[in-house]
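A.B. asks: here's a sequence, model it:
(2 chains)
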Amino acid sequence: MTMLFYLAGAVALISTISVTISTNVVHALVYLIISLLAVAVIFFVLGAPFAAMLEAIVYAGAIMVLFLFAMMMLNLGQATENEEKAWLRPQLWVGPGLLILVLLVQLVSVLVTQRVDVVPVEVGVHELSVLLFGPWLLAVELASMLLLAGLIAAYHLAKR
Amino acid sequence: MPSIPYEHGLILAAILFVCGLIGVLTRRNIVFVLMSLEIMLNACGLAFVVGSARWGHADGQIMFLMILTLAAAEVAVGLGLIIQMYRRFHTVDISVLSEMKG
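C.D. replies: Numbers count the residues shown, from 1 in each chain, chains lettered A, B, ... in the order given. Sure thing, here's the model as predicted:
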């Protein structure tokens, strides 16, 4: 299980970096789907099978397919890819990249001080739903309202 | 059952978040900006699930569900905005949106 965690983590890292440096939108989307599936494997290893399933179904399935449909509607061609290559000049991303790297080093140096080994205990869908429809019921209702608002807003915005 | 170091999960989440942050800051194509935002939200969800596994409690997973809902709503609205922008300006370059004429 520990090997699986590191393997999936490496896959997630490599595919996320590929998303960040890719110039073709559709290739980046496929890399992003791989990254999300790798994170789903990590969730499974960490004892969260319901979260893993939702990650695969909702994130990698629904949201990314929505992205792909929107890309098909936009129909971005070779010209956009060439533009993207011209925009990805090193002098544009070296400055912010270095500053963010400093922040990352700080974050990692704080995180490595707390050494705790996690023995994953599976928290299944039953315990999760007892909590969701008990103390977190208000959050579920608010999430449903948020989704409804998103639906109406997307309908109005994408209308001709 | 073999164990997983807690800090390695959090470090993975931090690195994924930083990848997304670099994408948001340096990209000019609005589609890539939206994708980088997705990466950042996903990294936050990963951190919540790692915390949930650390404390053996389901609350972190519930926060992940909330992040998932937020990401779905955000992507729907964001893609609608991108389609509308492409219809008006025929480009996905965010620098054409720099003039706010009221």
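
A.B. asks: once you drop chain neighbours, what's closest to A:F43?
C.D. replies: Distances taken as C-beta to C-beta, 6 or more residues apart in numbering or on different chains put A:A52 closest to A:F43, at 3.9 Å, once the chain neighbours are dropped. Quick note: C-beta positions are derived from backbone N, CA and C, even for glycine.

A.B. asks: show me how chain A divides into domains.
C.D. replies: Domain ranges of chain A: A:1-104, A:124-160, per automatic domain parsing.

A.B. asks: which one of these is the most hemmed in?
C.D. replies: Across the domains of chain A, averaging neighbours per residue (mean count of other C-beta atoms under 10 Å in any protein chain shown) puts domain A:1-104 on top, at a mean of 18.

A.B. asks: now the residue sitting nearest the centre point of chain A: which helix or strand?
C.D. replies: By C-alpha atoms, centre = their mean, chain A has its centre lying nearest to A:L36, at 5.5 Å. Here A:L36 sits within helix A:25-45, counting by DSSP states H and E.

A.B. asks: quick check: next helix or strand after that helix?
C.D. replies: Following helix A:25-45 toward the C-terminus (DSSP H and E): helix A:49-54.

A.B. asks: show the average pLDDT along that next one.
C.D. replies: This predicted structure assigns helix A:49-54 an average pLDDT of 92.

A.B. asks: now swap in stretch B:19-37 and tell me
C.D. replies: So the average pLDDT for stretch B:19-37 ends up being 91.

A.B. asks: got it, and stretch A:13-33?
C.D. replies: pLDDT averaged over stretch A:13-33 gives 91.

A.B. asks: what about it, near chain B?
C.D. replies: Yes. If you take C-beta under 8 Å from any C-beta of the partner chain as the test, stretch A:13-33 does meet chain B, through A:13, A:16-17, A:19-20, A:25, A:28-29, A:32.

A.B. asks: adding distance to B:M85, write these out as CSV.
C.D. replies: Formatted as CSV, the residues of stretch A:13-33 next to chain B follow (distance: C-beta to C-beta, whole Å):
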residue, distance to B:M85
A:L13, 31
A:T16, 26
A:I17, 27
A:V19, 21
A:T20, 22
A:V25, 15
A:A28, 19
A:L29, 18
A:L32, 21
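
A.B. asks: could you work out the most separated pair of those residues?
C.D. replies: The largest separation in the residues of stretch A:13-33 next to chain B, counting by C-beta to C-beta, is between A:L13 and A:V25 at 21.0 Å.

A.B. asks: and the most centrally placed residue in chain B, what does it touch?
C.D. replies: The centroid of chain B falls nearest to B:E38 when counting by C-alpha atoms, centre = their mean (2.7 Å). Contacts for B:E38 were tallied using C-beta atoms under 8 Å, 6 or more residues apart in numbering or on different chains; they are A:32, A:63, B:20, B:71, B:75.

A.B. asks: now tabulate those residues in TSV and tack on distance to A:V125 and secondary structure.
C.D. replies: Below are the contacts of B:E38 laid out as TSV (distance: C-beta to C-beta, whole Å; DSSP: H, G, I helix; E, B strand; the rest coil):
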residue	distance to A:V125	secondary structure
A:L32	26	helix
A:I63	21	helix
B:G20	29	helix
B:A71	20	helix
B:V75	25	helix
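
A.B. asks: the worst-scoring helix or strand of chain B on mean pLDDT: how far from the chain's middle?
C.D. replies: Across the helices and strands of chain B, mean pLDDT, DSSP states H and E gives its lowest value to strand B:4-5, namely a mean of 82. Relative to the chain's own centre, strand B:4-5 is displaced by 25 Å; criterion: C-alpha atoms, centre = their mean, to the nearest Å.

A.B. asks: thank you, goodbye.
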